[in-house]
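> Requesting a structural model of the entry that follows:
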Amino acid sequence: MICPSCESSAVVNDEFRREKICTRCGLVLMERREDLRPEWRTEPGEDSGRADVTSGLVITQHDMGLGSRIGRIRDLSPSWRAKLRRLRKWHRRSRAPTYQEKSLRRALIDIDKLCEGLDLPKSVQAEASFLYRKARENDLTSGRNTWSFLATLVFVVSRIRGIPRTEKEVVHALMARSGLDEREAFRALRRIRKVISAELDLKVSRARPEEYLDRFVSKLDLPRETAAMARQICFSLPNDFKKKKAASLLAASSIYVASKRAGFDLKIRELASTLGVGVSSTSRTGKRIRELLEAHGE
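Below is the predicted model of the structure:
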């Protein structure tokens with residue numbers, strides 16, 4: 001940083017006062033910056049200790065993580081336990097007093113459940129929570145099934161972040177919680193995805209089969225060499241062919257072809273059942289992949 005007064009670069013950062021100061025002319029360039037890091041506190045006669053007051057705002061909580069929580073202690077009498085239980089109940093209610101806050105809190109908890117069920121990282125949960133808040137502000141959630149909307153957000157964010165889950169995986173997670181049948185769940189997912197992409201200006205690219213390979217191979221309990229061979233098969237396929245097939249189906253078919261080449265006795269029905277793809281579709285796609293590889297001398 002350059003001092004605007006004396007044009008010196010001798011600017012130091014005073015962490016205690018949270019200021020930037022020019023050591024040449026003494027000008028204070030930035031005063032009292034907001035510090036969201038954990039607080040560091042030193043008591044007289046004690047070592048420096050970390051008081052973890054806050055690590056920043058928590059987008060996955062309805063109050064952004066600013067609310068307090070009542071702790072738990074084991075060694076309490078039954079009467080005190082009952083008192084604390086009632087206190088926690090009223091404390092929870094007071095954290096979300098209005099209907100809007102209650103519904104937001106419920107939705108963010110449901111996003112957490114969906115991400116946990118689909119084995120997605122916290123970063124996906126955080127981004128889906130942010131987009132849900134944005135969708136509420138734009139009045140996109142009104143008149144739509146909440147579980148369908150949340151599942152679609154999680155599906156879109158995981159696709160954008162390159163850790164996609166198949167439509168079938170997300171639909172099954174949605175069916176388990178919403179009571180929708182498979183056909184209704186698929187239709188809701190695709191319909192809401194179009195709305196979200198258009199209204200929130202999200203660029204959702206087509207999933208690549210390579211993004212599914214490692215997870216699929218792990219599900220089938222096959223060695224890593226199979227994933228490497230399947231990846232090589234995917235790379236060698238013509239783009240025109242890959243555009244016509246679903247990425248998850250191409251990944252499953254490539255793994256099937258790779259396992260046969262490596263000498264593994266992988267049954268196609270076992271593969272289809274584990275990965276959630278059709279038996280006949282996998283068989284036809286695998287046959288076509290072998291034909292394309294043979295045509296290229298591979």
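
> burial count for Leu220?
For Leu220, the count of nearby residues is 19 (other CB atoms under 10 Å). Where you see a C-beta, it was placed from the backbone N, CA and C, and this is true even at glycine.

> er, Leu200 actually
With other CB under 10 Å as criterion, Leu200 counts 14.

> quick one, what contacts it?
Leu131, Lys134, Ala135, Asn138, Leu140 (CB atoms under 8 Å, 6 or more residues apart in numbering).

> top of these by neighbour count?
That'd be Ala135 among these, by other CB under 10 Å, with 22 neighbours.

> Pull up the per-residue confidence for Ser248.
pLDDT for Ser248: 92.

> Would you list the phi and psi of it?
phi -70, psi -40 (degrees, to the nearest 10).

> Next: Tyr256.
phi -60, psi -50.

> Excluding chain neighbours, give the residue nearest to it in space.
Gly286 (4.9 Å; CB to CB, 6 or more residues apart in numbering).

> could you say what helices and strands the host helix or strand of the one you found packs with?
For Gly286, the host element (DSSP states H and E) is helix 279-295. If you count contacts as 3 or more CB pairs under 8 Å, 6 or more residues apart in numbering; DSSP states H and E, helix 279-295 packs onto helix 224-236, helix 247-261, helix 268-275.

> Now do it against helix 224-236, angle only.
Interaxial angle of helix 279-295 relative to helix 224-236 (axes from the mean of the first three to the mean of the last three CA atoms, to 10 degrees): 70 degrees.

> For helix 279-295, the averaged confidence score.
91.

> Same question for that helix: list its buried residues.
Residues of helix 279-295 classed as buried under the neighbour-count rule (16 or more other CB atoms under 10 Å) are Thr282, Thr285, Gly286, Ile289, Arg290.

> Same check on stretch 144-153?
Asn145, Trp147, Ser148, Phe149, Leu150, Ala151, Thr152, Leu153.

> ok, Phe186 touching Glu167?
Yes. Using CB atoms under 8 Å as the test, Phe186 is close enough to Glu167 to be in contact (6.9 Å).

> The helix holding Gly286 relative to helix 247-261, how many degrees between them?
60 degrees.

> Counting neighbours, what do you get for the nearest residue to Arg206 once chain neighbours are set aside?
Leaving aside its sequence neighbours, Arg206 sits nearest to Ala247 (CB to CB, 6+ apart; 7.0 Å). Here the number of neighbours of Ala247 (other CB under 10 Å) works out to 19.

> would you turn the buried residues of stretch 144-153 into a markdown table with secondary structure?
Output for these, formatted as a markdown table (DSSP: H, G, I helix; E, B strand; the rest coil):
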| residue | secondary structure |
| --- | --- |
| Asn145 | coil |
| Trp147 | helix |
| Ser148 | helix |
| Phe149 | helix |
| Leu150 | helix |
| Ala151 | helix |
| Thr152 | helix |
| Leu153 | helix |
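
> quick check, nearest of those residues to Leu220?
Leu220 lies nearest to Ala151 out of the buried residues of stretch 144-153, by CB to CB, at 25.3 Å.

> and the nearest residue to that closest one once chain neighbours are set aside, helix, strand or coil?
In space, and not counting its chain neighbours, Ala151 is closest to Leu174: 4.2 Å by CB to CB, 6+ apart. Secondary structure, three-state DSSP: Leu174 is helix.

> still on that earlier bit, just the buried residues of helix 279-295 now: which is nearest Val12?
Closest to Val12, out of all of the buried residues of helix 279-295 and judged by CB to CB, is Ile289, at 62.1 Å.

> So that closest one versus Leu250, what's the distance?
According to CB to CB, to the nearest Å, Ile289 stands 8 Å off from Leu250.

> Same question for Ala126.
30 Å.

> neighbour count winner among the two?
Legend: neighbour count by other CB under 10 Å for Ala126 and Leu250, higher for Leu250 (28 against 16).

> who's in contact with the closest residue to the more buried one other than its chain neighbours?
Distance criterion CB to CB, 6+ apart; nearest residue to Leu250, sequence neighbours excluded, is Pro209 at 3.9 Å. Applying CB under 8 Å, 6+ apart to Pro209 gives the contacts Cys234, Lys242, Ala247, Ser248, Leu250, Ala251, Ser254.
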